[in-house]
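Enquirer: sequence first, then the predicted structure, then my questions.
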Amino acid sequence: MSVQTSILMVTPPPGGLWPHGYTVHKGHTPESLNHATVAAATSGIIPSPELLSLQWNQAIDHLTNAKIEITFLPYPQELLSQYPPDYDGIFIRDVGMFANGKWVKAHFAVPERQREADTFARLIEQTYHVEIVDLPPGADLECGEVFFVKTPAGSYYFGGLGRSNKAGHDAMLHIIKPDHIFLLETTGFHLDTTCTPLIDSSGHLVSFMYAPELFSEESKKHLSMLEVPLIALDPKDTCGIGENLGNMAVNGLSLPGIFINAEEFNTPGVEAHIASLGIARYSSPLPYFHHAGGSYHCLTNEVRL
């Protein structure tokens, strides 16, 4: 299989991640609370540096075996030097995205994370020499809330309204001008903890997996207009519902002909469905990253120049 795409990842800092425990973050709505971090902080979980490094290296092995090209950005010292240090910067997905050869910088609904967006925007500018786009006042957009799928039959934009708002999505939509737009309300703090598109090796959107229990009625009606099969997941394959945490299987890197995540799906028939589409599957556990609310999708970001 040839290289399907190029992605960004962030190299973990030498001292490891979350050495003093996990930070609890909340956006501007009750649904935007990251319950995984609440559970981890309440339980006093501190990652073992050795096991976390093992999980990370196994993940890199799977991405490399899938013939995915990776550009590693250094973990910014600016994030480590603040107090308390910010380790959530490992989740490069959240801080922005490439759009029409530019980098659109996220504006976080969680104010204490805005430094991540600012810091990584400077790194992106230095690395790729692209224009950095700032969102207008009042626009919130965290890019774990965005799936953008460009196919031979048109482009699709799925945007979450947990830690992002319509003004934030509108600013992005003005730049990329997708053919199909789905703005969705869920009980997940980021859209990518509740659903995922599946893309075949020809680059076509062939399925959309989501947990209906996490979506508003209006959003479910909207998704019913999507002209590909909708695959209903049990909430346990997502971030879960409230304090009933899921396994985050849905939070995977979905590329043409590839789906990489940390768990097999518990929902009956889902693995067989993915296999029937000819999509290559890779899985490797990331429990210490799940405590922070992230997995493969959060740890990666497509390079689109």
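Expert: Yep, it's here. Computed from a predicted structure; not experimentally measured. Numbers count the residues shown, from 1 in each chain.
Enquirer: distance of T23 from N261?
Expert: For T23, the distance to N261 (CB to CB, to the nearest Å) stands at 24 Å. Bear in mind the C-beta positions are built from the backbone N, C-alpha and C, glycine included.
Enquirer: actually R281, not the one I wrote
Expert: Distance from R281 to N261, counting by CB to CB: 8 Å.
Enquirer: for V250, same thing?
Expert: Separation of V250 from N261 (CB to CB): 7 Å.
Enquirer: okay, those two: which has more neighbours?
Expert: V250 (29 against 26; other CB atoms under 10 Å).
Enquirer: neighbours of Y282, just the number please.
Expert: Other residues close to Y282 by other CB under 10 Å number 19.
Enquirer: and V104, by the same measure?
Expert: 25.
Enquirer: beta-bridge partners for it, please?
Expert: As for beta bridges, V104 partners with M97, V133 under DSSP bridges.
Enquirer: what about the protein, any weak spots by pLDDT?
Expert: 1-4 (pLDDT under 70).
Enquirer: helices of that one, start to end?
Expert: 35-43, 49-65, 77-81, 114-128, 166-176, 217-223, 270-276, 287-290, 296-299 (DSSP state H).
Enquirer: how distant is the fourth one from the center of its chain?
Expert: What that stands for is helix 114-128. For helix 114-128, the separation from the chain centroid amounts to 18 Å (computed by CA atoms, centre = their mean, to the nearest Å).
Enquirer: now do the buried residues in it.
Expert: R115, E116, A117, D118, T119, F120, A121, L123, I124, Y128 (16 or more other CB atoms under 10 Å).
Enquirer: let's have the residues you listed in JSON lines, adding distance to T193.
Expert: JSON lines is the format used below for these (distance: CB to CB, whole Å):
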{"residue": "R115", "distance to T193": "23"}
{"residue": "E116", "distance to T193": "18"}
{"residue": "A117", "distance to T193": "19"}
{"residue": "D118", "distance to T193": "24"}
{"residue": "T119", "distance to T193": "24"}
{"residue": "F120", "distance to T193": "21"}
{"residue": "A121", "distance to T193": "24"}
{"residue": "L123", "distance to T193": "25"}
{"residue": "I124", "distance to T193": "24"}
{"residue": "Y128", "distance to T193": "28"}
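Enquirer: hey, C-alpha coordinates of stretch 92-107 in PDB?
Expert: The C-alpha trace of stretch 92-107 is given here as PDB (Å, rounded to 0.1, in the frame of the first residue of the first chain):
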ATOM      1  CA  ILE A  92      -2.200  18.200  17.900                       C
ATOM      2  CA  ARG A  93      -5.700  17.700  16.400                       C
ATOM      3  CA  ASP A  94      -7.300  20.300  18.700                       C
ATOM      4  CA  VAL A  95      -5.000  23.300  17.900                       C
ATOM      5  CA  GLY A  96      -5.900  24.000  14.300                       C
ATOM      6  CA  MET A  97      -6.100  22.500  10.800                       C
ATOM      7  CA  PHE A  98      -4.800  23.000   7.300                       C
ATOM      8  CA  ALA A  99      -7.400  24.500   5.000                       C
ATOM      9  CA  ASN A 100      -6.700  25.500   1.400                       C
ATOM     10  CA  GLY A 101      -3.000  25.700   2.000                       C
ATOM     11  CA  LYS A 102      -3.400  27.800   5.200                       C
ATOM     12  CA  TRP A 103      -3.400  27.000   8.800                       C
ATOM     13  CA  VAL A 104      -6.600  28.000  10.700                       C
ATOM     14  CA  LYS A 105      -5.700  28.500  14.300                       C
ATOM     15  CA  ALA A 106      -8.200  27.100  16.800                       C
ATOM     16  CA  HIS A 107      -9.900  29.400  19.300                       C
END
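Enquirer: hang on, isn't F158 packed against T196?
Expert: No. F158 lies out of contact with T196 (CB atoms under 8 Å); the separation is 9.3 Å.
Enquirer: which neighbours do those two share?
Expert: Common contacts of F158 and T196, defined by CB atoms under 8 Å, 6 or more residues apart in numbering, comprise F147.
Enquirer: quick one: E217 from T186, how far?
Expert: For E217, the distance to T186 - CB to CB - is 12 Å.
Enquirer: so those two - more neighbours on which side?
Expert: T186 (24 against 9).
Enquirer: in the sheet, who's paired with that one?
Expert: Under the criterion used (DSSP bridges), T186 bridges to F215.
Enquirer: cool, and I241?
Expert: Bridge pairing for I241 (DSSP bridges) gives the partners N244.
Enquirer: count of neighbours near it?
Expert: I241 is flanked by 16 other residues according to other CB under 10 Å.
Enquirer: ok, now which ones touch it?
Expert: By CB under 8 Å, 6+ apart, I241 lies in contact with T187, E213, L214, P235.
Enquirer: counting neighbours, which of those comes out on top?
Expert: Neighbour counts for these (other CB under 10 Å) peak at L214, which has 26 neighbours.
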